[in-house]
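Asker: Sharing a model that was predicted from the sequence below.
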Amino acid sequence: MHEQSVHADEVYERAQSAAASSPVVASWRRCMTMHRLAPEDKRQPLRLTEQEFQAARERSGRLVTEAADELDRLFVTVGKAGCCLLLTDREGIALERRGTSGDDKDFRDLGLWTGSVWTEASIGTNGIGTALADERAVAIIRDQHFFSSNIDLSCTTAPIRDHRGQLAGALDISTRREEVTDVTLAILSQTVREAAMRIELNLFRGAFAGARFVMVPTDSGSTSALLAVDRNDIVLGATRAARLVLKLDDRRIAAGIPASDALHENQCGVGEELLEVERAALLRALSRAGGNVSQAAATLGMNRATLHRKINKFGLR
């Protein structure tokens with residue numbers, strides 16, 4: 001009780017201090033000023049009715065489907081370490097959960113269960129709510145939580161974005177283990193970010209099934225910057241990372257921008273571009289025919305002599 005009282009006093013003091021400017025303190029201020037919460041209160045997150053919960057799952061059906069395998073793999077890695085996994089939608093509603101039966105009671109008592117709402121408005125500063133509010137990966141460790149009743153909890157969370165780069169939900173790893181070190185938390189933070197990225201890529205590929213995917217070069221070497229491109233080289237979609245690098249938005253994508261233009265590749269005149277298209281078509285036909293000119297000519301609908309002339313023209317020998 002004394003520890004919880006001290007924590008509440010610290011929240012009030014630091015949240016009201018003009019000098020404090022950390023993301024955690026900023027969240028504490030939101031909890032007090034926007035959401036009218038008091039750190040000494042004992043409360044659990046809001047819980048949905050079964051009907052409300054099922055409706056939330058249906059709204060995020062694709063997210064739940066695309067995240068299922070990743071949740072299972074992640075739980076194999078961290079589940080035995082006393083961790084609980086939550087997948088939420090963009091409203092902080094816990095849609096899926098993974099945990100060991102031995103830890104279920106403790107986590108359920110804290111509200112780390114499906115149907116709970118983990119926004120800042122519901123349960124103060126926490127990994128999920130603060131990650132959604134700030135739209136970035138966060139770690140909220142023990143007494144960084146707003147409510148004194150949550151200071152035994154450590155959470156690391158990464159937001160998940162949909163195929164348009166919009167916030168779709170969050171992936172969270174939480175633990176009550178006291179012996180968790182800074183190194184362990186750093187590993188968990190990296191692990192949850194990577195898992196969230198893979199879920200994002202699953203959502204992106206699923207939204208543009210049948211498209212060709214082009215990796216966009218980035219300074220960081222990120223593999224999450226992708227374009228979805230149709231057979232005519234027109235961009236159909238872009239991940240958030242690709243949008244940031246290439247300065248793309250829904251308007252530019254809807255207008256039908258060629259991938260070569262979006263990637264700022266060497267531009268050429270219309271005539272040269274047509275020649276390049278013809279040359280590429282010849283190369284594909286020859287490759288598929290294993291170099292057999294007669295077979296390639298038949299595939300292209302031209303006679304063998306014509307194909308030989310084009311091969312010479314483009315220097316394909």
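Answerer: Done, it's in. Numbering: from 1, shown residues only.
Asker: which residues touch the closest residue to residue 56 other than its chain neighbours?
Answerer: Nearest residue to residue 56 in three dimensions, chain neighbours excluded: residue 93, at 4.7 Å (CB to CB, 6 or more residues apart in numbering). Any C-beta I mention is one placed from the backbone N, CA and C, and that applies to glycine too. Applying CB atoms under 8 Å, 6 or more residues apart in numbering, we find residue 93 in contact with 48, 53, 56, 115, 116, 117, 118.
Asker: So the third one versus residue 169, what's the distance?
Answerer: Right, residue 56. Distance, residue 56 to residue 169, using CB to CB, to the nearest Å: 10 Å.
Asker: Give the residues shared as contacts by the two.
Answerer: 89, 95.
Asker: Give me the more crowded residue out of those two.
Answerer: residue 169 (30 against 20; other CB atoms under 10 Å).
Asker: element containing that one, please.
Answerer: Per DSSP states H and E, residue 169 falls inside strand 167-175.
Asker: could you point out which element follows that strand?
Answerer: Beyond strand 167-175 toward the C-terminal end (DSSP H and E), the next one is helix 182-207.
Asker: Which neighbouring elements make contact with that next one?
Answerer: Contact here means 3 or more CB pairs under 8 Å, 6 or more residues apart in numbering; DSSP states H and E; on that basis helix 182-207 packs against helix 61-78, strand 138-141, strand 154-161, strand 167-175, strand 226-229.
Asker: so who does residue 164 touch?
Answerer: Going by CB under 8 Å, 6+ apart, the list of residues near residue 164 reads 237, 250.
Asker: tell me the secondary structure for it?
Answerer: Following DSSP: H, G, I helix; E, B strand; the rest coil, residue 164 is assigned to coil.
Asker: Return the distance of residue 157 relative to residue 193.
Answerer: 9 Å.
Asker: Compare neighbour counts for those two and give me the winner.
Answerer: Shown here are residue 157 and residue 193; by other CB under 10 Å, residue 157 has more neighbours (29 against 16).
Asker: wait, residue 189 sits on residue 154?
Answerer: No. Judged on CB atoms under 8 Å, residue 189 makes no contact with residue 154 at a distance of 10.5 Å.
Asker: more crowded one of the two?
Answerer: Set residue 189 next to residue 154 and count neighbours by other CB under 10 Å: residue 154 wins out with 24 against 18.
Asker: residues near the nearest residue in space to residue 134 that is not next to it in sequence, how many?
Answerer: In space, and not counting its chain neighbours, residue 134 is closest to residue 23: 6.4 Å by CB to CB, 6+ apart. As a burial measure, residue 23 scores 15 neighbours (other CB under 10 Å).
Asker: residues touching residue 23, list them.
Answerer: 130, 134, 138.
Asker: out of these, who's nearest residue 69?
Answerer: residue 138 (24.7 Å; CB to CB).
Asker: residues in contact with that closest one?
Answerer: Residue 138 neighbours (CB under 8 Å, 6+ apart): 23, 127, 130, 131, 156, 157.
Asker: Could you provide those in JSON lines, with additional columns for distance to residue 13 and pLDDT?
Answerer: Output for the contacts of residue 138, formatted as JSON lines (distance: CB to CB, whole Å; pLDDT from 0 to 100):
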{"residue": "23", "distance to residue 13": "18", "pLDDT": "91"}
{"residue": "127", "distance to residue 13": "23", "pLDDT": "96"}
{"residue": "130", "distance to residue 13": "20", "pLDDT": "97"}
{"residue": "131", "distance to residue 13": "25", "pLDDT": "97"}
{"residue": "156", "distance to residue 13": "26", "pLDDT": "96"}
{"residue": "157", "distance to residue 13": "26", "pLDDT": "97"}
